[in-house]
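Student: 3D, please:
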Amino acid sequence: MSTNAQTLTLRSDLAELSRVKALVDAICDQTHASAADASALHLAVEEIVTNVITYGYPDGPYHNFTLLLESNDAGRIRAVVTDNAPAFNPLARPDVNTTLPLEERPVGGLGVHLVRQLMDVCLYEHRDGHNVFTMERQLNRASDSTARFAATKLESSATLALSGRLDGLSSPELEQQVVALLASDIRALVFDLAALDYVSSAGLRVFILAAKKMKAAGGVATFVSPTSAVRNIFEITGLLTALDVMPRA
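Tutor: Predicted coordinates for the structure are as follows:
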């Protein structure tokens, strides 16, 4: 069975996520991965890489680690992230309770849950002083790299129209916009998700934060017209019921 493998050496800097995206795009193109497979691979790889950068190397962009992506002619893709940060097994974290109501939900902590749900195999080893995290997904074989936000404010309500990708790079900008809107005494915040192609746990964190703060202030955050990819992530994380989500008209 023939295989195709590519390896990236990454710095511990979130700016490297653009290179990660390019590599995942390339292997998805080569394997003719479906949109659902590509979305799952992007999200799972980004979550693990982001965890390494954010928690494994909190002192800044002074470290290197590797990402291996490998595909075979049976339609299986394997991703291996190897780093020399302090030993940490993300799979040892307790399972996420996706049935909790909004009030009882933590703002973050959904990344590893998403990886487990989207990949067929997740394995952790601590080998020769390195963390080695392996993920595999069998392909079913059957956009835009930056999220854009357009805010519209009308009296006590505001709408944020999102498009493209909401990930570890773009979510801080959205969070700044949300914080600014919350400080302006609005009582209704609408997230228009009709053109949002992709959301990672970093984006979900902003959604939960907005919903909790709006509810605490006596208002409401509503999420309208999610694309099928985003709706799937909401279902996996239990946010389809925890948040005020309205389908496409």
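
Student: Tell me which stretches of the protein form strands.
Tutor: Using DSSP state E, the strands of the chain run over 3-11, 64-72, 76-83, 121-127, 130-138, 148-154, 157-166, 188-199, 220-224, 244-246.

Student: other SSEs contacting the last one?
Tutor: Counting contacts by 3 or more CB pairs under 8 Å, 6 or more residues apart in numbering; DSSP states H and E, the secondary-structure elements packed against strand 244-246 are strand 220-224. Where C-beta positions appear, they are placed from N, C-alpha and C, glycine not excepted.

Student: Domain boundaries for the protein, per the record?
Tutor: 3-138, 148-246 (automatic domain parsing).

Student: that older thread, can I get the strands of the chain in CSV including mean pLDDT, mean neighbour count and distance to Val230?
Tutor: As requested, the strands of the chain are arranged in CSV below (pLDDT from 0 to 100; neighbours: other CB atoms under 10 Å; distance: least, CB to CB, whole Å):
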stretch, mean pLDDT, mean neighbour count, distance to Val230
strand 3-11, 91, 14, 27
strand 64-72, 94, 18, 24
strand 76-83, 95, 21, 22
strand 121-127, 92, 13, 22
strand 130-138, 94, 18, 19
strand 148-154, 60, 13, 15
strand 157-166, 90, 21, 9
strand 188-199, 93, 21, 5
strand 220-224, 93, 19, 9
strand 244-246, 91, 16, 10
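
Student: Of all those, which one is nearest Cys28?
Tutor: strand 76-83 (8.1 Å; CB to CB).

Student: Partner strands of that closest one, with direction?
Tutor: Here strand 76-83 is paired, per DSSP bridges, with strand 64-72 (antiparallel), strand 130-138 (antiparallel).

Student: how about CSV for those, with distance to Ala87 added?
Tutor: Shown next, in CSV, are the strands paired with strand 76-83 (distance: least, CB to CB, whole Å):
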stretch, distance to Ala87
strand 64-72, 14
strand 130-138, 6
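
Student: And those strands: which comes nearest Tyr55?
Tutor: Relative to Tyr55, the nearest member of the strands paired with strand 76-83 by CB to CB is strand 130-138, separated by 10.9 Å.

Student: residues near the residue nearest to Tyr57 when sequence neighbours are not counted, how many?
Tutor: Using CB to CB, 6 or more residues apart in numbering and skipping residues adjacent in sequence, the residue nearest Tyr57 is Ser12, 3.7 Å away. A count of nearby residues for Ser12, using other CB atoms under 10 Å, gives 21.

Student: Contacts only, for Ser12.
Tutor: Ser12 sits next to 52-53, 56-57, 60-65 when contact means CB atoms under 8 Å, 6 or more residues apart in numbering.

Student: ok, Glu70 - contacts?
Tutor: Residues near Glu70 by CB under 8 Å, 6+ apart: 3-6, 77-80.

Student: mind redoing it with 6 Å?
Tutor: Contacts for Glu70 (CB atoms under 6 Å, 6 or more residues apart in numbering) come out as 3, 5, 78.

Student: Give the bridge partners for it, please.
Tutor: Taking DSSP bridges as the rule, Glu70 bridges to Ala5, Arg78.

Student: my read: Ser225 touches Ala194, true?
Tutor: Yes. Assessed by CB atoms under 6 Å, Ser225 is found in contact with Ala194 at 3.9 Å.
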